[in-house]
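[1] Based on what follows, work out the 3D shape:
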Amino acid sequence: MSLKRDRQTDELFRSILLLEDLEECYRYFEDLCTMKEIRDLGQRLEVARRLDGGSSYVQAGEATGASSATIGRVKRCLDYGSGGYRLILDRMKEANDA
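    Numbers count the residues shown, from 1 in each chain. Next up, the predicted model:
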């Protein structure tokens, strides 16, 4: 599964890259997404972080409230996806270690 590249998606990603700090992210994403969409994205990232850290599906679900379908999808992306989770998880670890 590959995200279709088009002008609108390119512009979306370019706009995100222009954000300078956490406060700007909150302001932009509050306008851009519904609260549920933002929570869902955060939940998926936390599931990925927990699975990468060795948590089981059950542990990740209990900690995040994510459904087994969401956990399974995140796990598939970690194992067979385009490497986006790996990129961010590694960078988050580096930032926390610094």
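[2] tell me the phi and psi of Ser56?
    Ser56 has phi and psi values of phi -80, psi 170 when expressed as degrees, to the nearest 10.
[3] now the helices: where do they sit in the chain?
    For the chain, applying DSSP state H gives helices covering 7-17, 22-32, 35-52, 57-64, 68-80, 84-97.
[4] Those into a markdown table, with extra columns for mean pLDDT?
    Putting those into a markdown table (pLDDT from 0 to 100) gives the following:
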| stretch | mean pLDDT |
| --- | --- |
| helix 7-17 | 97 |
| helix 22-32 | 98 |
| helix 35-52 | 98 |
| helix 57-64 | 97 |
| helix 68-80 | 97 |
| helix 84-97 | 95 |
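[5] Switch those over to a markdown table; also include mean neighbour count.
    For glycine as for every other residue, the C-beta is placed from the backbone atoms N, C-alpha and C. As requested, the helices of the chain are exported to a markdown table (neighbours: other C-beta atoms under 10 Å):
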| stretch | mean neighbour count |
| --- | --- |
| helix 7-17 | 10 |
| helix 22-32 | 11 |
| helix 35-52 | 16 |
| helix 57-64 | 16 |
| helix 68-80 | 15 |
| helix 84-97 | 12 |
